[in-house]
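Asks: dropping a prediction and its sequence here:
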Amino acid sequence: PDPAKQSPAVVLHLGGPACLSLRLGRLQGAPVLAYTERPTTLPPGFAAAYCTAPPDSRRCASARPIGNLLVDSVSELKELRSRRRSGAGGEPIVGLLPGSRLLQLRQYLPRIEPVAQAVLRQRPQARFVIARSPLVSERMLARAARQGGGCWLETAGGALALRARCGLRIPVLDRDEVLSLARVLVCTP
């Protein structure tokens, strides 16, 4: 039986301390399901566990293999890849993925200028675009830019852009648009 169908609520553990997910499940009176790359490292108490490994793997002995969610989500970008545009003049477009949390943004945004300058020394025709997560508001992005220092947000004609001290202006676009435009992506990890 599927534990998720037996309760009106369910807690899904996707990473981090497993004990916190289990505790939240107890507090909510809900079953706790886990998705992990290493199900053998999970403590007892999960109603069900799902893993990335193929069905014949010994690593998944106690969990149901359902594939790699990250790889599968990237595979769904096939439509975006088919719509990929090279941009005006065919210049390479570098997509910057700064994350969706204030701490990530504060640490990433000040590093854009030195990365961009290094790339431009090798590829002067390169263009940059920043992907904005649906979880990031304009206010949050402006705050992170201000706190990180060295850059700020500009709005011109309804278009949002990050301006670096060196004068570089980088458009802030919807994540899917950046994924369809960029030839190279630079992310936090």
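Replies: Thanks, I have it. All figures in this text were calculated on a predicted structure; none of them were measured in a lab.
Asks: wait, residue 66 touches residue 39, no?
Replies: No: Residue 66 is beyond contact range of residue 39, at 11.3 Å (criterion: Cβ atoms under 8 Å). For every residue, glycine as well, the C-beta is placed using N, CA and C.
Asks: between the two, point out the one with more neighbours.
Replies: Per other Cβ atoms under 10 Å, whichever of residue 66 and residue 39 has more neighbours is residue 39, with 22 against 14.
Asks: quick check: the more buried one vs residue 49, distance?
Replies: Distance of residue 39 to residue 49, computed by Cβ to Cβ, to the nearest Å: 5 Å.
Asks: need the overlap of contacts for these two.
Replies: 62-63 (Cβ atoms under 8 Å, 6 or more residues apart in numbering).
Asks: name the SS class of the spatially most central residue of the chain, please.
Replies: The centroid of the chain falls nearest to residue 99 when counting by Cα atoms, centre = their mean (5.7 Å). Residue 99 falls in the coil class when you classify it by DSSP: H, G, I helix; E, B strand; the rest coil.
Asks: was I right about it contacting residue 135?
Replies: No: counting by Cβ under 8 Å, residue 99 sits too far from residue 135 to count as a contact (9.3 Å).
Asks: quick one: low-confidence ranges for this protein?
Replies: 1-7, 53-61, 70-89, 189 (pLDDT under 70).
Asks: now do the helices in it.
Replies: With DSSP state H as the criterion, the chain has helices at 18-28, 69-75, 78-82, 102-122, 138-148, 175-181.
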